[in-house]
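Student: Quick check, what structure comes out for this input:
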Amino acid sequence: MYAEPPYLEGPDDVADFVPGYRRQAAARPGFRVVVAGHGQDVVGFSFGFFLPSDTGWWSNLTPAPAPEETLEIGSRTFAVIELAVREPWRRKGVARRMHASLLEGLGAERVTLTVRPEPEAAPARPAYESWGYRVMGRTRPWEGAPVYDLMLRDGSG
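Tutor: Sure, this is the predicted structure:
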């Protein structure tokens, strides 16, 4: 159902990154990707798409949400699948600007993302909360996946 995305370690990884995301764009309604650069370097990227009506996004969430919270119509909820910034450019507003650009003009009723609960991910959580996200619960999105906190915010504007 979901797969771990590739991570950009350096500029050479961009050649491998682009074809995979072109395929995703063709298969996912509302697919968007934002790539942040500095000179010739890729310093971060973010991508997401609208959850389809047959999504499994909410199926492993604990506590289980009410049925009306999980209703998807293909344009209700935009899922931010990845938001990554390379180490030297972190804490400089790059993630915030990429996030805003990814959601600009989208018109979604709500936006969701997941974040790992481990201490390494702790710096991301206050940023997400400052952008209006709240934790809905814990999820393991696919068999063998790590546990994530699933976060949700109203609107994409």
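Student: Please point out which parts of stretch 141-148 sit buried.
Tutor: When neighbours are counted by 16 or more other C-beta atoms under 10 Å, the buried residues of stretch 141-148 are found to be 141, 148. To be clear about C-beta, it is placed using only N, CA and C from the backbone, and glycine gets the same treatment.
Student: ah, wrong one, I meant stretch 150-157
Tutor: Within stretch 150-157, the residues that count as buried by 16+ other C-beta under 10 Å are 150-153, 156.
Student: Report the two of those separated the most.
Tutor: Greatest spacing in the buried residues of stretch 150-157, by C-beta to C-beta: Leu150 and Ser156 (17.0 Å).
Student: what's the span of stretch 64-82, first residue to last?
Tutor: Stretch 64-82 has an end-to-end distance of 23 Å (C-alpha to C-alpha, to the nearest Å).
Student: oh, I was asking about stretch 30-47
Tutor: For stretch 30-47, the first and last residues are 10 Å from each other (C-alpha to C-alpha).
Student: For it, give the mean pLDDT please.
Tutor: Averaging pLDDT along stretch 30-47 gives 86.
Student: Could you list the low-pLDDT ranges of this structure?
Tutor: Across the chain, the ranges flagged by pLDDT under 70 are 1-27, 157.
Student: Distance of the residue lying farthest from the centre of it relative to Ile73?
Tutor: No residue in the chain sits farther from the centre than Gly39, which is 24.9 Å out by C-alpha atoms, centre = their mean. In this view, Gly39 and Ile73 are 42 Å apart by C-beta to C-beta, to the nearest Å.
Student: Now do the contacts for Arg125.
Tutor: By C-beta atoms under 8 Å, 6 or more residues apart in numbering, Arg125 lies in contact with 115, 149.
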